[in-house]
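A.B. asks: here's a sequence, model it:
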Amino acid sequence: MPGAGEHDSDDREPGWELPRRKPRWEATALLAIVLVIATTGLVYELSIAAVGSYLLGDSVTQFSTVIGVYLSALGLGAYLSRFVVTRVASCFVEVELGAALVGGLSAPGLFIAFHLTSSFRLALYATVLGVGVLVGLELPLLLRILRQKLAFKELIAQALTFDYAGALVGSLAFSLLLVPALGLLHTSILCGLINAAVGLVSTWVLEREGKTGSSLRRQRWLALAVLSILFGALFGAGSVTRYVEASLYVGNVVVAEQSSYQRIVVVEDGGELRLFLNGHLQFSSDDEYRYHEALVHPALAAVETPRRVFIGGGGDGLAAREALRWPQVGSITVVDLDPGVTGLFASRPELVSLNRGALHDPRVTVVNADAMTWLAENGDHFDVMIFDFPDPTTYSLAKLYSTNFYRAALRRLAPGGVVAVQATSPLLARRSYWCIVTTLEASGLHTLPYHVFVPSFGEWGFALAAREKPRVSRRSLARKRAMALRYLSTEVLESSFAFPPDIDRIEAEANEIDSQALVGYYLDEMARFD
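C.D. replies: Sure thing, here's the model as predicted:
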């Protein structure tokens with residue numbers, strides 16, 4: 001990048017002046033390039049943040065820090081543009097191609113870096129900084145080219161309009177189209193290809209400007225080289241994903257899919273199946289029966305006649321499998337946000353076998369919707385409501401553990417009905433567990449906390465809740481013996497209501513939807529194990 005004192009065969013850019021001629025087709029083409037720059041730049045930013053969240057967890061931290069560093073890097077790039085005095089057009093093309101290469105390879109490069117280096121965070125923020133500086137250089141350079149074609153007020157108005165419109169296009173395309181259809185790695189590479197293609201087209205658009213013809217012909221060859229590299233990466237991205245995920249998981253990865261909401265991975269190891277969502281273990285087939293028996297059967301045993309059952313989350317069908325053991329149950333409504341999960345567990349033979357075809361049972365209705373929205377809009381009432389949601393690692397998940405959500409559930413709870421909640425580990429996340437119990441109580445429910453041991457997770461906590469203090473009678477407990485449960489016996493359940501001193505109740509705030517105390521508790525407690 002030539003400095004202020006350098007000269008070469010290109011024209012030095014003119015001082016600020018009115019355009020020497022009316023805007024031509026080149027101005028329209030250059031404004032379209034602004035749109036592409038903004039779109040791809042935002043996709044790079046979101047891709048890097050999503051990779052960081054997937055590999056490191058704690059999506060709030062990853063997205064906030066990546067966005068902060070990226071915006072700062074944009075400012076640094078804009079500042080550095082002042083040192084480009086000559087060769088503005090050719091320098092713009094070089095920067096465009098650099099952004100295409102670094103941004104396009106950012107996601108696969110970070111996946112590989114996670115496997116190869118212990119300094120992944122350094123690689124993450126270095127990548128953010130590099131992409132941000134390059135994207136930050138692009139717009140100021142392009143504005144200096146455009147100013148020869150547009151009057152000042154039109155230049156600023158149109159350039160910023162296209163820039164902000166590109167940000168909107170990028171954000172919508174990333175979440176609604178690109179990632180669900182292509183996955184993170186292919187998304188970043190595809191945007192790199194678009195960036196490089198724009199760089200190639202720019203060589204023709206800008207070639208007629210000044211004396212840059214010979215230089216831009218050289219950039220054309222560089223653009224073709226970048227496109228070749230990115231095309232190669234596009235076809236190799238699947239291998240990178242399989243390589244990295246094979247290193248992350250013990251066993252054979254039998255399912256690896258990107259849904260609209262999360263990365264779904266199923267691993268098989270010696271006959272054991274394990275489900276991971278965004279890298280977090282959801283269950284192991286070796287011991288999931290302990291978890292699901294403890295989650296489902298105490299709630300049904302606490303209701304005189306459990307006919308109508310609601311399951312929030314539980315798209316794997318395992319909670320529904322347990323509820324179907326009860327002959328009194330006439331209907332089960334499973335509301336899970338992700339059709340990728342429910343579809344997988346309704347179609348893969350080994351997973352259908354695990355849930356015993358529960359999602360195909362005529363008594364089971366599967367709804368793919370946000371549970372909070374569905375409860376607010378639906379007028380049905382239920383005798384038993386089971387909340388089998390992932391741990392509250394993000395604000396979007398923690399809202400399902402809030403007073404707002406539990407009050408909405410209370411309005412749908414039939415007289416004499418009972419709620420059962422998976423509530424994280426009272427040993428590993430003690431304050432989080434008691435925060436959930438406190439939140440249930442703050443919502444107008446009486447609670448009965450309990451815990452069991454699940455080998456894959458350790459000591460795990462649950463809670464029953466109802467308008468009156470929930471009670472699980474010995475008579476109702478005896479029903480379970482006839483079901484031939486593998487783990488939950490009368491003696492095990494009775495002992496689960498006792499909490500030893502190291503996991504006994506401690507003070508915690510209720511989780512209000514506007515304060516989200518639970519997320520802070522959970523992330524602080526889990527940080528000890530990173």
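
A.B. asks: Pro180 and Gln262 touch, don't they?
C.D. replies: No. Counting by Cβ atoms under 8 Å, Pro180 sits too far from Gln262 to count as a contact (10.4 Å). Where C-beta positions appear, they are placed from N, C-alpha and C, glycine not excepted.

A.B. asks: more neighbours: which of these two?
C.D. replies: Legend: neighbour count by other Cβ atoms under 10 Å for Pro180 and Gln262, higher for Gln262 (19 against 15).

A.B. asks: now do the same contact list for the more buried one.
C.D. replies: Each residue near Gln262 by Cβ atoms under 8 Å, 6 or more residues apart in numbering is listed here: 277-278, 338, 340.

A.B. asks: any buried residues in the longest helix along the chain, and which?
C.D. replies: If you go by DSSP state H, the chain has its longest helix at helix 213-248. For helix 213-248, the neighbour count (16 or more other Cβ atoms under 10 Å) marks 215-216, 219-220, 222-223, 226-227, 229-230, 233-234, 237, 240-241, 244-245, 248 as buried.

A.B. asks: sticking with Trp434, tell me its helix or strand.
C.D. replies: In this assignment (DSSP states H and E), Trp434 forms part of helix 430-442.

A.B. asks: and the contacts of that helix?
C.D. replies: With Cβ under 8 Å, 6+ apart as the criterion, helix 430-442 contacts 392, 401-403, 406, 419, 421, 423-426, 447, 449, 461, 463, 465, 503, 505-511, 517-518, 521-522, 525.

A.B. asks: just the ones of the residues you listed in helices?
C.D. replies: Those of these mapping onto helices are 403, 406, 517-518, 521-522, 525, per DSSP H.

A.B. asks: closest to Ala99 out of the residues you listed?
C.D. replies: Distance to Ala99, by Cβ to Cβ, is smallest for Tyr522 among the ones in helices among the contacts of helix 430-442, at 36.8 Å.

A.B. asks: low-confidence ranges in the stretch 201-350 of the chain?
C.D. replies: Scanning the stretch 201-350 of the chain for pLDDT under 70 picks out 208-215, 246-247.

A.B. asks: do the same with the chain
C.D. replies: The chain contains residues with pLDDT under 70 at 1-27, 57-58, 149-151, 208-215, 246-247, 473-482, 530.

A.B. asks: domain parsing for it?
C.D. replies: If you go by automatic domain parsing, the domain ranges for the chain are 25-248, 252-281, 284-529.

A.B. asks: near Asp380, how many other residues are there?
C.D. replies: Neighbour tally, Asp380, other Cβ under 10 Å: 12.

A.B. asks: surely it meets Arg308?
C.D. replies: Yes. With contact defined as Cβ under 8 Å, Asp380 reaches Arg308; the gap is 7.4 Å.

A.B. asks: for these two, list the residues in contact with both.
C.D. replies: Common neighbours of Asp380 and Arg308, counting by Cβ under 8 Å, 6+ apart, are Thr333.

A.B. asks: that older thread, now do whatever helix or strand comes next after the longest helix of the chain: distance to the chain's middle.
C.D. replies: Next helix or strand after helix 213-248 toward the C-terminus (DSSP H and E): strand 252-258. Counting by Cα atoms, centre = their mean, to the nearest Å, strand 252-258 is centred 17 Å from the centre of its parent chain.

A.B. asks: strand 252-258 to helix 213-248, inter-axis angle?
C.D. replies: Calculated by axes from the mean of the first three to the mean of the last three Cα atoms, to 10 degrees, strand 252-258 forms an angle of 130 degrees with helix 213-248.

A.B. asks: can you name the residues in contact with strand 252-258?
C.D. replies: For strand 252-258, the external contacting residues (Cβ under 8 Å, 6+ apart) are 179-180, 182-184, 241-242, 245-246, 263-269, 273, 340, 344, 348, 350.

A.B. asks: now the strands for the protein?
C.D. replies: Ranges of strands within the chain are 252-258, 263-269, 272-277, 280-284, 308-313, 331-335, 364-367, 382-388, 413-422, 446-454, 458-466, based on DSSP state E.

A.B. asks: for Phe114, find the nearest of those strands.
C.D. replies: Closest of the strands of the chain to Phe114 is strand 263-269, at 13.7 Å (criterion: Cβ to Cβ).

A.B. asks: what packs against the closest one?
C.D. replies: Applying 3 or more Cβ pairs under 8 Å, 6 or more residues apart in numbering; DSSP states H and E, one finds that strand 263-269 contacts strand 252-258, strand 272-277, helix 339-347.

A.B. asks: pull up the pairing partners for that strand, direction included.
C.D. replies: If you go by DSSP bridges, strand 263-269 pairs up with strand 252-258 (antiparallel), strand 272-277 (antiparallel).

A.B. asks: which of those strands is buried the deepest?
C.D. replies: Mean neighbour count (mean count of other Cβ atoms under 10 Å) peaks for strand 272-277 among those, with a mean of 20.

A.B. asks: from the chain's centroid, how far away is the helix holding Trp434?
C.D. replies: Distance of helix 430-442 from the chain centroid (Cα atoms, centre = their mean) equals 25 Å.

A.B. asks: equivalent analysis for stretch 519-530, please.
C.D. replies: A distance of 18 Å separates the centroid of the chain from that of stretch 519-530, by Cα atoms, centre = their mean.

A.B. asks: before we move on, what about stretch 414-428?
C.D. replies: Here stretch 414-428 shows a centroid-to-chain-centroid distance of 25 Å under the convention Cα atoms, centre = their mean.

A.B. asks: could you do stretch 109-121 as well?
C.D. replies: Per Cα atoms, centre = their mean, the centroid offset for stretch 109-121 relative to its chain is 19 Å.

A.B. asks: go on, stretch 423-430?
C.D. replies: Stretch 423-430 has its C-alpha centroid displaced from the chain centroid by 23 Å (Cα atoms, centre = their mean).

A.B. asks: that one spans what distance, first to last residue?
C.D. replies: End-to-end distance for stretch 423-430: 10 Å, by Cα to Cα, to the nearest Å.

A.B. asks: kindly report the same for stretch 353-371.
C.D. replies: Terminal-residue distance, stretch 353-371 (Cα to Cα): 26 Å.

A.B. asks: contacts for that stretch?
C.D. replies: Under Cβ under 8 Å, 6+ apart, the answer for stretch 353-371 is 273, 285, 288, 312-313, 315-318, 320-321, 324, 329-339, 342, 345-346, 352, 374, 387, 389, 400, 405.

A.B. asks: re the thing from before, buried ones among the contacts of helix 430-442?
C.D. replies: Buried by 16+ other Cβ under 10 Å: 392, 401-403, 406, 419, 421, 423-426, 447, 449, 461, 463, 465, 503, 508-511, 517-518, 521-522, 525, out of the contacts of helix 430-442.

A.B. asks: quick one: contacts for Pro470?
C.D. replies: Contacts of Pro470 (Cβ under 8 Å, 6+ apart): 302, 418, 446-448, 464.

A.B. asks: reformat the helices and strands packed on strand 263-269 as CSV; add distance to Val454.
C.D. replies: Output for these, formatted as CSV (distance: least, Cβ to Cβ, whole Å):
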stretch, distance to Val454
strand 252-258, 22
strand 272-277, 13
helix 339-347, 19
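
A.B. asks: okay then, goodbye and thanks.
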